[in-house]
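Q: I would like the atomic coordinates for the input below:
(one chain, ligands or ions: 1)
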Amino acid sequence: MERVYNFSAGPAAMPEVVLAKAQKEMLCYGDAGMSVMEMSHRSKAFVEICSEAEALIRSLMNIPANYKVLFLQGGASSQFSMVPLNLFKTGKADYVKTGSFAKKATQEAQRYGKVNVVASSEDKEYSYIPEMDKSKFDKDADYFHFTINNTVEGTHFNTLPDTGSVPLVTDMSSSILSQVYDVSKFGLIYAGAQKNLGPAGVTLVIIRDDLIGHAMDITPLMFNYKTHADKGSMYNTPPTYSIYIAKLMFEWLKNLGGVPAIEKINKKKSSLLYNFLDQSKVFKGTAAVKDRSMTNVTFVTGDKELDEKFVKEAAAEGLTNLKGHRSVGGMRVSIYNAVPLEAVTKLVDFMKRFEINNKK
Ligand SMILES: *Cc1c(COP(=O)(O)O)cnc(C)c1O
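A: Model (predicted):
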């Protein structure tokens, strides 16, 4: 069986060289005489892997010294609770609702404090990023939460909300490391790894020092950022193997030229697809043009049966996981860092053929 072109939204494709390296090191890592999976998280070999992973992500994202990097568990979904539990001081926060994950984050925060929804695109199935009316922002909010890339709907914030001194908190699960972001503009960034960082099981949190240490009294110890920050993500057993694979992904990206280099490739990949969609007579992009995501491209034919036919025939050609999220239907092409330009070229060629054979 040959490897397919995998356009999954997550867990997602990984670079073949990373998988091959992991395979080579599977039974014996270095001179440890055992697999990384079998190592104590306190062992010298693993502590080195973990600190190298941290150093790599710090350099790839240019993370300033006054930020902590945490490797946690529980997925991005746990951050929907950890953020309010740790950041509420006055108990007020601003939220933007731009997608199904943003909605979940908003609902979870409402359990712990007063949430002010400053903008929403729910009226049009989250197909756009709403205009921000700054007069609606609460100057006394403890933080301002938004989902920078909406994985399900295929939209991206191309400008950051201007919140003054209110810390920006963002869910970057599906666009982290895909383009250059200025970390110093944020108070807290979180991302589940299984889209663009590595395998499932580890969640990356980048948090400014001053936001640590103010958790609500009810916060479970394991949900307190301070617990993990004080112990360098080693308070308890971290997801060791996932961190190791993430480290290999970081090395791969560094060797490729880092984030600016991959951003160029990602732009090429998404432009190829969007340019085709814009002139297609069968396929239509669903996200507002100005807010299009580079990593998740969503489109429909306008006919459910034809959508299904497309997904099925594409899979038969080795172009897999093109079905849209169950909540929105249609198609979604996730083209994270590990998906090569060649995969998108092959996909567009197939779409052209499908179009000729299925003229309306
Ligand atoms: C995938 C995703 C999540 C959910 O992540 P889990 O790790 O499954 O909890 C949350 N937010 C965004 C933007 C995502 O893409």
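
Q: From here on, just use CA atoms for contacts and neighbour counts.
A: Will do.

Q: Export only the CA atoms of stretch 84-97, formatted as PDB.
A: Taking C-alpha atoms only, stretch 84-97 is exported to PDB below (Å, rounded to 0.1, in the frame of the first residue of the first chain):
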ATOM      1  CA  PRO A  84     -10.900  31.600  32.200                       C
ATOM      2  CA  LEU A  85      -9.900  29.700  35.400                       C
ATOM      3  CA  ASN A  86      -6.400  31.200  35.300                       C
ATOM      4  CA  LEU A  87      -7.000  34.700  33.800                       C
ATOM      5  CA  PHE A  88     -10.200  35.900  35.400                       C
ATOM      6  CA  LYS A  89      -9.400  38.500  38.100                       C
ATOM      7  CA  THR A  90     -12.400  40.800  37.900                       C
ATOM      8  CA  GLY A  91     -14.300  38.000  36.200                       C
ATOM      9  CA  LYS A  92     -15.000  39.800  32.900                       C
ATOM     10  CA  ALA A  93     -13.700  38.900  29.500                       C
ATOM     11  CA  ASP A  94     -14.400  39.800  25.800                       C
ATOM     12  CA  TYR A  95     -14.900  37.000  23.300                       C
ATOM     13  CA  VAL A  96     -15.300  36.900  19.500                       C
ATOM     14  CA  LYS A  97     -17.500  34.200  18.100                       C
END
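
Q: List the buried residues of that stretch.
A: Of all the residues in stretch 84-97, those buried under the rule 16 or more other C-alpha atoms under 10 Å are 84-89, 91-97.

Q: where do the strands sit along the stretch 1-150 of the chain?
A: 5-6, 67-72, 92-97, 114-120, 143-147, 149-150 (DSSP state E, counting those that start in this stretch).

Q: okay, the angle between the fifth one and strand 92-97?
A: It refers to strand 143-147. 10 degrees (axes from the mean of the first three to the mean of the last three C-alpha atoms, to 10 degrees).

Q: hmm, back to that, and which of the buried residues of stretch 84-97 is nearest to Asn275?
A: Nearest to Asn275, judged by C-alpha to C-alpha, of the buried residues of stretch 84-97 is Lys97 at 28.1 Å.

Q: Isn't the closest one up against Val117?
A: Yes - Lys97 is within contact range of Val117, at 7.0 Å (criterion: C-alpha atoms under 8 Å).

Q: Overlap of the contact sets of the two?
A: Shared contacts of Lys97 and Val117, defined by C-alpha atoms under 8 Å, 6 or more residues apart in numbering, comprise Thr106.

Q: Can you tell me which of the buried residues of stretch 84-97 is nearest the ligand?
A: Set against the ligand, the nearest of the buried residues of stretch 84-97 by C-alpha to the nearest ligand atom is Lys97 (11.7 Å).

Q: Skipping adjacent residues, who's closest to the closest one in space?
A: In this structure, Lys97 finds its nearest non-sequential neighbour in Ser120, 4.5 Å apart by C-alpha to C-alpha, 6 or more residues apart in numbering.

Q: what's the distance between that neighbour and the ligand?
A: 16 Å (C-alpha to the nearest ligand atom, to the nearest Å).

Q: Contact partners for that residue?
A: Listed by C-alpha under 8 Å, 6+ apart, the contact set of Ser120 reads 96-98, 126, 129-130.

Q: Would you mind giving the residues you listed as a markdown table with pLDDT and distance to Thr227 added?
A: As requested, the contacts of Ser120 are arranged in a markdown table below (pLDDT from 0 to 100; distance: C-alpha to C-alpha, whole Å):
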| residue | pLDDT | distance to Thr227 |
| --- | --- | --- |
| Val96 | 98 | 29 |
| Lys97 | 98 | 30 |
| Thr98 | 98 | 31 |
| Tyr126 | 97 | 36 |
| Ile129 | 98 | 35 |
| Pro130 | 98 | 36 |
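
Q: Confirm that Val297 sits in a helix.
A: No - looking at Val297 with DSSP: H, G, I helix; E, B strand; the rest coil, it is strand, so not inside a helix.

Q: Could you report the distance from Asp230 to the ligand?
A: From Asp230 across to the ligand, the span is 23 Å (C-alpha to the nearest ligand atom).

Q: where along the stretch 251-360 of the chain do the strands fall?
A: Using DSSP E, counting those that start in this stretch, the strands of the stretch 251-360 of the chain run over 284-285, 296-300, 319-320, 331-334.

Q: and among those, the most buried is which?
A: strand 331-334 (a mean of 26; mean count of other C-alpha atoms under 10 Å).

Q: Which of the contacts of Ser120 sits closest to Glu25?
A: For these, the nearest to Glu25 is Thr98 (41.7 Å; C-alpha to C-alpha).

Q: Buried residues, stretch 28-37. List them.
A: Applying a neighbour-count criterion of 16+ other C-alpha under 10 Å, one finds 29, 36-37 buried in stretch 28-37.

Q: nope, stretch 307-322 is what I meant
A: 307-308, 310-312, 314-315, 318-322.
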